[in-house]
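Visitor: Fold the following and give me the result.
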Amino acid sequence: MNKHWQRCVPLYDVPLFTRAFRVLCAFGAVACVLALYRELVGLGPASGMNDGYAWGVWKTFNIMVLTGLGSGSFAIGIAVWIFGQHKLHAVMRTAVLSSFLTYASGLALLGVDVGRPWNFYSILMPWRWNLHSPMMEIAFCMPLYTAVPLLLENLPATLDWLQERFPSIAFVFAAAEQMLRNVYPFVLGLGFLLPAMHQSSLGALMLLAGPEVHPLWQTPLLPLLYVGAAGFMGFAFVSFILLLAHLVWNRPLDMDVLCTMSRLAAWIVSVWLAVRFADLVLRGVFALAFKATQPAALFWLETGLLVATIALGFTASRQQNPKLLFHASLAACLGGMLYRFDPTMLVYQPIASAHYFPSVMELVIGAGFVALSIAAFALAAKHLAILPAPLTTWMAMERAQTIAWMSTSTQDETLGCAAAD
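Guide: Model (predicted):
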């Protein structure tokens, strides 16, 4: 079956600038203007952050949560290159593009959040590094991961498009593609190493908070659990994108690939939950989950969503049911997002008198950058060969382009003859 899904195909049969696309771009433009305002006036007037909560939603959601969703390239790459799931090659372009956009959005908001962003050049000066800080590792690994492996892995689709648009200099883009193939083994190595490092360091950051994080989440295994959560969130988010593309743009579905990703996500969640529950029991804090408290309710909401992921994921893959696959991927995304968000915000209490709620400006800026990422994905999918498709779809696109070209040529000839007469 996989041989029929060898090509990714642009969205050639849908309009480019839709109303939803314009709304997303407008929302993103407002967010950019507000981000500039924040840079001019500082964090105090623009955010709800305070001395107790020096981290706002730009870090706790756009960095901690969205980079977990954007781990599809990391998770699927490991499945393909280490565990031999070569059929997942069909969705790699979707995975690397979604990863690049979520990471780029998070890094942009990190620049908005940092109190003195103009000092970011210090990362280029090794003698100023704090080698004992997980935050330094994140500040180094995340930009490097975005600028090298993710950016380079997105180049082939762009080079293919450039070769078609500019056939007279196609040899230049072909040479660039060959150079990329030569360095790809090193890119692949960085693509595994860097996300493993910074995803574990994101968990290590919350270790530094100590008792300020509720005991149901605060554990020495946080770095391991953060990497595991990135794994199942990556598979689930790529599945969610493909299923949503099917609903919005009527894209065909490769049920074999989707079912494989659903099973892998369900297995990772099963092992992840087993490790987490064993840790709670061994640390003697599991009884806290049965108290009538907000942290206990959040804990069981996370657990319920991930248990639903297991049940729905295995059932959907066995029945090859797209509706159940959609629900399984959504449950995994929500459960992982909640697990990432809880210890950094909802169950984080630095001092009893400290409280934080994001300002309207914070929410608009954070959501606006997400809107720009969605618009950028739609724009790329409509121009570049990103979304997987069967060979029949590719052939239909070729026929549509040939007909359009012939129609344009005929009109040109008609106009030329009329001018001559």
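Visitor: which residues are in contact with stretch 39-49?
Guide: Contact partners of stretch 39-49, identified using CB atoms under 8 Å, 6 or more residues apart in numbering, comprise 34, 37-38, 55-56, 112-113, 115, 117, 356-359, 361-362. All C-beta atoms are positioned from the backbone trio N, CA, C, and that covers glycine.
Visitor: repeat that for 6 Å
Guide: The contact list for stretch 39-49, computed with CB atoms under 6 Å, 6 or more residues apart in numbering, reads Arg38, Gly56, Tyr356, Phe357, Pro358, Ser359, Met361, Glu362.
Visitor: Does the third one fall in a helix, a strand, or a coil region?
Guide: The reference is to Tyr356. coil (DSSP: H, G, I helix; E, B strand; the rest coil).
Visitor: In terms of pLDDT, where does it sit?
Guide: Note on Tyr356: pLDDT of 89.
Visitor: same thing with the last one?
Guide: Looking at Glu362, its pLDDT is 94.
Visitor: for it, helix, strand, or coil?
Guide: Quick answer, by three-state DSSP: Glu362 is helix.
Visitor: And it, how close does it get to Lys323?
Guide: Distance of Glu362 to Lys323, given as CB to CB, to the nearest Å: 36 Å.
Visitor: Looking at the two, which is more packed in?
Guide: Neighbour count, other CB atoms under 10 Å: between Glu362 and Lys323, Glu362 has more, with 24 against 11.
Visitor: Excluding chain neighbours, what is closest to the more buried one?
Guide: Once flanking residues are discounted, Glu362 sits nearest to Ser47: 5.0 Å by CB to CB, 6 or more residues apart in numbering.
Visitor: how many neighbours does the one you found have?
Guide: Neighbours of Ser47 (other CB under 10 Å): 21.
Visitor: And the pLDDT at it?
Guide: In this model, Ser47 carries a pLDDT of 90.
Visitor: Number the residues from 511 up from this point.
Guide: Got it, the first residue is 511 from now on, which makes the last one we talked about Ser557.
Visitor: Okay, buried residues for the helix or strand where Val682 lies please.
Guide: Element membership for Val682 (DSSP states H and E) is helix 680-717. Along helix 680-717, these residues count as buried under the neighbour rule (16 or more other CB atoms under 10 Å): 683, 687, 697-698, 700-702, 704-717.
Visitor: three-state assignment of the nearest residue to Ile896 once chain neighbours are set aside?
Guide: Closest residue to Ile896 apart from its sequence neighbours, by CB to CB, 6+ apart: Arg603 at 5.0 Å. At Arg603 the chain is in helix, as set by three-state DSSP.
Visitor: how deep is Arg603 tucked in, by neighbour count?
Guide: 22.
Visitor: and what of Phe879?
Guide: Neighbours of Phe879 (other CB under 10 Å): 23.
Visitor: doesn't Ser615 make contact with it?
Guide: Yes: between Phe879 and Ser615 a contact is recorded at 4.7 Å, counting by CB atoms under 6 Å.
Visitor: Roughly how far does the spatially most central residue of the chain sit from His708?
Guide: The centroid of the chain falls nearest to Gly580 when counting by CA atoms, centre = their mean (2.0 Å). Per CB to CB, Gly580 is found 12 Å from His708.
Visitor: For the stretch 511-660 of the chain, give me the ranges with low pLDDT.
Guide: 511-516 (pLDDT under 70).
Visitor: The same query, at a cut-off of 80, please.
Guide: 511-517, 625-634, 640-645 (pLDDT under 80).
Visitor: For it, which segments are assigned as helices?
Guide: Per DSSP state H, counting those that start in this stretch, the stretch 511-660 of the chain carries helices over the ranges 529-551, 553-556, 567-570, 576-579, 582-591, 602-623, 644-655.
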